[in-house]
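A.B. asks: prediction below, plus the sequence it came from.
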Amino acid sequence: MNLSARLIVVWLVALSGIIGSTILATAHYVFDTSVLSVIALWAIRVLVLASFWLLSLPRDTKIFGIGLVLLSLVLDVLLKLPVLGSVQYADWFLVSALDLTGAYAGYFTAWGLLLPVLSMTGWFILRQRRLAGWLVGLASTVGMGFAVQAVARSTEGTFTLFVVVTVARYIVPAALAALADFVVARFSDRKSAMA
């Protein structure tokens, strides 16, 4: 897979942003950090979204892809507010502990699985994935969602482990989608050469 310098920069910014925002969001919930951490959280998110503009894509494609990622971030906050009564940035499976009665368990599970899919849809549009990449990427996004849920509910889970799994929730599907497209492309090329 040939990666341009511009794409490498976008990958590095996205990776750093996912790690940084995950740590800040989780720390804000677990340790009740100050408003400065929230400002830093959104600054990182905006920086990551801005870096997507460096991709060599049509303007409309970039706007649509970035818009879907931004929509997932906004919905993440707005959909938690009515049931929690406060603004929370940590993962849905983590903040579901605030639902003491368990009345919204299904609500938290559904959005905890769906919003990352929306975010990754935006990324796959920006990376112009083929069918194989879409199928593998979205399926692994849902699968990683269940892994995050398992860690969040585990009595042996730690802050570090949760952050690692949450970050992997986005990195693993993106990498697997790229790998799936690469394998299919190589197979198609070999098949064409043999024809």
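C.D. replies: Noted; the coordinates are in hand.
A.B. asks: how much space separates F108 from V87?
C.D. replies: Distance, F108 to V87, by Cβ to Cβ, to the nearest Å: 16 Å. C-beta here means a position set from N, CA and C on the backbone, and glycine is covered the same way.
A.B. asks: pick out whichever of the two has more residues nearby.
C.D. replies: F108 (25 against 11; other Cβ atoms under 10 Å).
A.B. asks: surely the more buried one meets L98?
C.D. replies: No: contact status for F108 versus L98: not in contact, 9.4 Å apart, counting by Cβ atoms under 8 Å.
A.B. asks: let's see the pLDDT reported for A25.
C.D. replies: Confidence at A25, expressed as pLDDT, is 95.
A.B. asks: mind giving me the packing neighbours of the helix or strand encompassing R45?
C.D. replies: In this assignment (DSSP states H and E), R45 forms part of helix 35-51. Under the contact criterion of 3 or more Cβ pairs under 8 Å, 6 or more residues apart in numbering; DSSP states H and E, helix 35-51 touches helix 5-31, helix 59-78.
A.B. asks: just the ones you listed: most buried one?
C.D. replies: Highest mean neighbour count of the helices and strands packed on helix 35-51: helix 5-31, a mean of 17 (counted as mean count of other Cβ atoms under 10 Å).
A.B. asks: and the pLDDT at the most centrally placed residue in the chain?
C.D. replies: In the chain, the residue lying closest to the centroid (Cα atoms, centre = their mean) is Y170, at 4.2 Å. Predicted confidence (pLDDT) for Y170: 96.
A.B. asks: now for the residue lying closest to it once chain neighbours are set aside: which residues touch it?
C.D. replies: Nearest residue to Y170, sequence neighbours excluded (Cβ to Cβ, 6 or more residues apart in numbering): I18, at 5.4 Å. Applying Cβ atoms under 8 Å, 6 or more residues apart in numbering, we find I18 in contact with 48, 167, 170-171.
A.B. asks: nearest to L114, of those residues?
C.D. replies: Nearest to L114 out of the contacts of I18 is Y170 (Cβ to Cβ; 14.4 Å).
A.B. asks: so how far is Y89 from that closest one?
C.D. replies: Where Y89 is concerned, Y170 sits at a distance of 15 Å (Cβ to Cβ).
A.B. asks: and if you look at V77?
C.D. replies: When Cβ to Cβ is the yardstick, V77 and Y89 sit 7 Å from each other.
A.B. asks: what do you get for A40?
C.D. replies: Separation of A40 from Y89 (Cβ to Cβ): 11 Å.
A.B. asks: intersection of neighbour lists for those two?
C.D. replies: With Cβ under 8 Å, 6+ apart, A40 and Y89 have common neighbours L24.
A.B. asks: so those two - more neighbours on which side?
C.D. replies: Set A40 next to Y89 and count neighbours by other Cβ under 10 Å: Y89 wins out with 22 against 16.
A.B. asks: just for the protein, where's the confidence low?
C.D. replies: Scanning the chain with the threshold set as pLDDT under 70 gives 1-3, 193-195.
A.B. asks: for it, what's the longest helix?
C.D. replies: Using DSSP state H to define each element, the chain has its longest helix at helix 159-194.
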